[in-house]
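> Using only what follows, build the 3D model:
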Amino acid sequence: MRRLLLALLLLAALPAGAAEPTKITFVQSSFGFNFVPLAVARAEGYFADEGLLVDVVLTGGGPKAMTALLGGGGQFSASVLLDGIMAHRKDLDDVRVLAKLSGFFNSLVIRKTVAKERGITLEMSLKDRVARMKGLRMAITTPGASSDLVIRYLAITNGLSPDRDLQIVPLGGIATSIAGFRAEQVDGCACIPGAEIVLKREGIAMDLARPGEMADMENITYGVLYGLASYNKAHPEVVRGVARAVARAEILIGKDPNRAARDARPSMKELDDETFAEAWRSYLPYIPTDPDIPESDFVRELAFEKTVLPANVYKPVPYNALVDASFVRAAMKELR
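Predicted coordinates:
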């Protein structure tokens, strides 16, 4: 009933001759658990309720999604918080973070046979595990992506040089990462969430770190929705509609996670049903039920980046320069 009333109110507010939906494009780094709220919003028809017709274009990496957004390939993009911060470091200050879509989840795994050869077990300290990783081939999505930084953070904070002591191998998205691991092209990975579940279920891989061992990063803002300040100013009604759709999706995730899982399932075609169910249980605590982006999360992200980025690349970015959570805050106030 609430959804019907919202739709009727929106239709009543439209001027004569404005029945056609507004077409918008999301450029998205990949389908995956980092962006579940967007899949739920599409499946539930929340964008359609706002008079929006959404097209999704996959780019195969966060930096590519950011490039597409800035190049006019879409009005919104979905990738990770790092991408927007890096854009501002390059003076691309039109970029704005609009909503939180996921928290960071530790998806580091290592090949079981390699762990056995190296004597790596979860019973030993993380530092001892990492010391025995010297020379291993560790998969990431693409150079400069968050997966790259996670591997570098793991090495640096535990006494290794990521460039001297590890081989960092870009493998792309979920399907190519899984294929590369199966083909023994790599020994471990900072996987896209979902890929490591597949590899562990197949008995190929095991966890490299226990939950909470990378506490500085645990559940900080990770997947986010981006827009451009110039577009937000020119089309605030569209941005408000997107914000309401995302907010409704995250409220639903909190209230009815089983229904949200059914909504998200079609976008995870690389996973079989049992693997998807296991991944959903694992990641659900990291899928937000409120799209706001706390400044404290932003500060933790900057601290993580300062650890891994060269001094000539890292520089702080002011929270208010990048984050514009006003649309989702207004939506949550309206919807609750």
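> Any idea what A78 is bridged to?
Q28, L225 (DSSP bridges).
> Hmm, K64 and it touching each other?
No: using C-beta atoms under 8 Å, A78 is not in contact with K64; the gap is 11.9 Å. To be clear about C-beta, it is placed using only N, CA and C from the backbone, and glycine gets the same treatment.
> Looking at the two, which has the bigger crowd around it?
A78 (30 against 19; other C-beta atoms under 10 Å).
> mind listing what the more buried one touches?
With contact set as C-beta atoms under 8 Å, 6 or more residues apart in numbering, A78 has these partners: 26-29, 34-35, 38, 65, 101, 223-226.
> Spit out the residues that contact A78 and K64 alike.
Taking C-beta under 8 Å, 6+ apart as the criterion, A78 and K64 both touch S29.
> Helix, strand or coil: sort out the nearest residue to M214 once chain neighbours are set aside for me.
Nearest non-adjacent residue to M214, counting by C-beta to C-beta, 6 or more residues apart in numbering: N106, 5.6 Å away. Under DSSP: H, G, I helix; E, B strand; the rest coil, N106 falls in the coil class.
> Check what pLDDT N106 gets.
As predicted, N106 sits at a pLDDT of 81.
> Hmm, it is touching P211, no?
Yes: using C-beta under 8 Å, N106 is in contact with P211, at 6.5 Å.
> quick one: common contacting residues for these two?
In contact with both N106 and P211: E218, using C-beta under 8 Å, 6+ apart.
> Identify the single longest helix in the chain, thanks.
In the chain, assigned by DSSP state H, the helix with the most residues is helix 236-255.
> and that one, how far from the chain's centre?
17 Å (C-alpha atoms, centre = their mean, to the nearest Å).
> Next, the buried residues of the very next helix or strand once past that helix.
Using DSSP states H and E, the next helix or strand after helix 236-255 towards the C-terminus is helix 257-264. By 16 or more other C-beta atoms under 10 Å, the buried positions in helix 257-264 come out as P257, A260, A261, D263, A264.
> Which neighbouring elements make contact with helix 257-264?
If contacts are counted by 3 or more C-beta pairs under 8 Å, 6 or more residues apart in numbering; DSSP states H and E, helix 257-264 sits against helix 36-43, helix 236-255, helix 273-283.
> So V169: helix, strand or coil?
At V169 the chain is in strand, as set by three-state DSSP.
> wait, it sits on T141?
No: in this structure, V169 is not within contact of T141 by C-beta under 8 Å, at 10.5 Å.
> neighbour-wise, which of those two wins?
For V169 versus T141, the count of surrounding residues by other C-beta under 10 Å is larger for T141: 27 against 18.
> just to revisit the earlier point, out of the helices and strands packed on helix 257-264, nearest to C189?
C189 sits nearest to helix 273-283 of all those, at 15.4 Å, using C-beta to C-beta.
> If you count neighbours, what's buried in whatever helix or strand comes next after the closest one?
Beyond helix 273-283 on the C-terminal side, the first helix or strand identified by DSSP H and E is helix 295-308. Neighbour counts using 16+ other C-beta under 10 Å place D297, F298, R300, E301, L302, F304, E305, V308 of helix 295-308 among the buried residues.
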